[in-house]
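> Got a predicted structure plus its sequence, pasted below:
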Amino acid sequence: MSNTFPLSLIAATVFVSMSAVAAPPQGYPSDYQSVIDAATKEGKVVVYSTTDIKAAGPLVKGFEATYPGIKVEYNDMNSTELYNRFISEQASGGTSGDVVWSSSMDTGLKLATDYAQEYKSPEQAQLPTWAVWNNKAYGTTYEPVVFIYNKRMIPAGDVPDSHAALAKLIASQTDKFKSKVTTYDIEKSGLGFMLSVQDAKADPNYFKTLADVAKGGLAVQSSTGTMMERVSSGENLIGFNILGSYAEARAKTDPSLGIAYPKDYTLVLSRVSFISQQAQHSDAAKLWLDYVLSEKGQSILANQADIPSLRNDIEGKNDIDGLTKMLGNALKPIPVDESLLEYLQPKKRLDYIKQWRTAAGK
């Protein structure tokens, strides 16, 4: 028997196979297939992100499996680098990211106000209203901000459960905590600056609390990874304003790292994403954004990357419902709206940094 087939039949078979793999998700608009087809012709999407590739890897893999004709060019950088690089590339008219995905919510939204294209995701109805700004910028995660501590060196009874308790602990044992408390350097980390501002909005006594926390001297860093490493090793004993998603992922394999969720208030960060007006792969960017927001993408983030979902229909406890059951009214989601931009005004930002440095003894 002959094993040869007409080329037209082979081509038709491949086309049907590809269409079956890359069909629109259930419930999407009927014309979404045209977006998939155009994106497949584009062949790739360029993502600029502050989410490290180790955490984002399962999401990238899932996307490429869902849309096998599209590759993800993933660029992992810190929030300040992402902001400066994207602005520079937009000004020069050179190639740049199709999608921005930033944990620094304020600078992410600032970029969106100037450079985002309008796009109403089919997933929008499944998102909290506070997570969507003008059909341009989207919150994508639901990440509590936590304390971390060295479990070998801080007794369980001393672990603080509020910001005031953290300040009291350190102020009462300044010798023990001398240069052993770590947090973000708010001048070098856009995320650190944004979280500090949100602290000040949530707590009218923030700067007094900060001054007490800093009585032993602060060891400031520009990355979460560095802070976790130093607390785990014992070089530092405790850290605050740490992304809980990264801390939870590390604690699974690091017996020295403890995590505490403050019960007075727990800020909740949502990584901001948008599609660039100048995206060279605009349709592929739409597929990527929709995938990140989808039940499938959010499930990967929650259950494989340890990054909590901002949806409430994800299997497991790592979503809004699960965290609400654990922390209740202490959760304070940071909304994706213009309030994020207030302290990006140069004078206001500089005045705030001066006030922070005074309180922090820096």
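The structure has been received and is ready for your questions.
> how about the biggest strand by length in the chain as PDB, C-alpha atoms only?
Once the chain is assigned using DSSP state E, the strand that runs over the most residues is strand 143-150. Extracted in PDB, the C-alpha atoms of strand 143-150 (Å, rounded to 0.1, in the frame of the first residue of the first chain):
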ATOM      1  CA  GLU A 143      -0.200  39.300  46.200                       C
ATOM      2  CA  PRO A 144      -0.200  40.000  49.900                       C
ATOM      3  CA  VAL A 145       2.800  42.000  51.200                       C
ATOM      4  CA  VAL A 146       4.300  40.200  54.200                       C
ATOM      5  CA  PHE A 147       7.000  40.100  56.900                       C
ATOM      6  CA  ILE A 148       9.700  37.500  56.700                       C
ATOM      7  CA  TYR A 149      12.000  36.300  59.500                       C
ATOM      8  CA  ASN A 150      14.700  33.800  60.400                       C
END
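> Return the list of strands paired to it, each annotated with direction.
Using DSSP bridges, the strands paired with strand 143-150 are strand 238-243 (antiparallel), strand 257-260 (antiparallel), strand 266-269 (antiparallel).
> got JSON lines for these, with mean neighbour count, mean pLDDT and distance to Met77 too?
Where you see a C-beta, it was placed from the backbone N, CA and C, and this is true even at glycine. Rendered in JSON lines, the data for the strands paired with strand 143-150 read as follows (neighbours: other C-beta atoms under 10 Å; pLDDT from 0 to 100; distance: least, C-beta to C-beta, whole Å):
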{"stretch": "strand 238-243", "mean neighbour count": "26", "mean pLDDT": "96", "distance to Met77": "16"}
{"stretch": "strand 257-260", "mean neighbour count": "20", "mean pLDDT": "98", "distance to Met77": "25"}
{"stretch": "strand 266-269", "mean neighbour count": "24", "mean pLDDT": "98", "distance to Met77": "18"}
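> Low-confidence regions, this protein specifically.
Counting by pLDDT under 70, the chain has low-confidence residues at 1-21.
> which residues of it fall in helices?
Remark: helices of the chain, listed N- to C-terminal, are 7-21, 32-42, 53-66, 79-92, 105-115, 163-172, 190-202, 206-213, 224-233, 244-251, 282-293, 295-303, 320-327, 346-360; assignment by DSSP state H.
> among those helices, which is nearest Pro128?
Nearest to Pro128 among the helices of the chain is helix 320-327 (7.4 Å), distances taken as C-beta to C-beta.
> Which strands and helices lie in contact with the closest one?
Judged by 3 or more C-beta pairs under 8 Å, 6 or more residues apart in numbering; DSSP states H and E, helix 320-327 has no packing partners among the helices and strands.
> in that helix, what's buried?
In terms of neighbour count (16 or more other C-beta atoms under 10 Å), helix 320-327 has its buried residues at 320, 322-323, 327.
> Tell me what angle it forms with helix 295-303.
Using axes from the mean of the first three to the mean of the last three C-alpha atoms, to 10 degrees, the direction of helix 320-327 lies 30 degrees away from that of helix 295-303.
> Now tabulate the helices of the chain in a markdown table and tack on distance to Val145.
Supplementary listing: the helices of the chain in a markdown table, determined by distance: least, C-beta to C-beta, whole Å:
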| stretch | distance to Val145 |
| --- | --- |
| helix 7-21 | 39 |
| helix 32-42 | 35 |
| helix 53-66 | 16 |
| helix 79-92 | 15 |
| helix 105-115 | 12 |
| helix 163-172 | 11 |
| helix 190-202 | 6 |
| helix 206-213 | 14 |
| helix 224-233 | 11 |
| helix 244-251 | 6 |
| helix 282-293 | 21 |
| helix 295-303 | 17 |
| helix 320-327 | 11 |
| helix 346-360 | 16 |
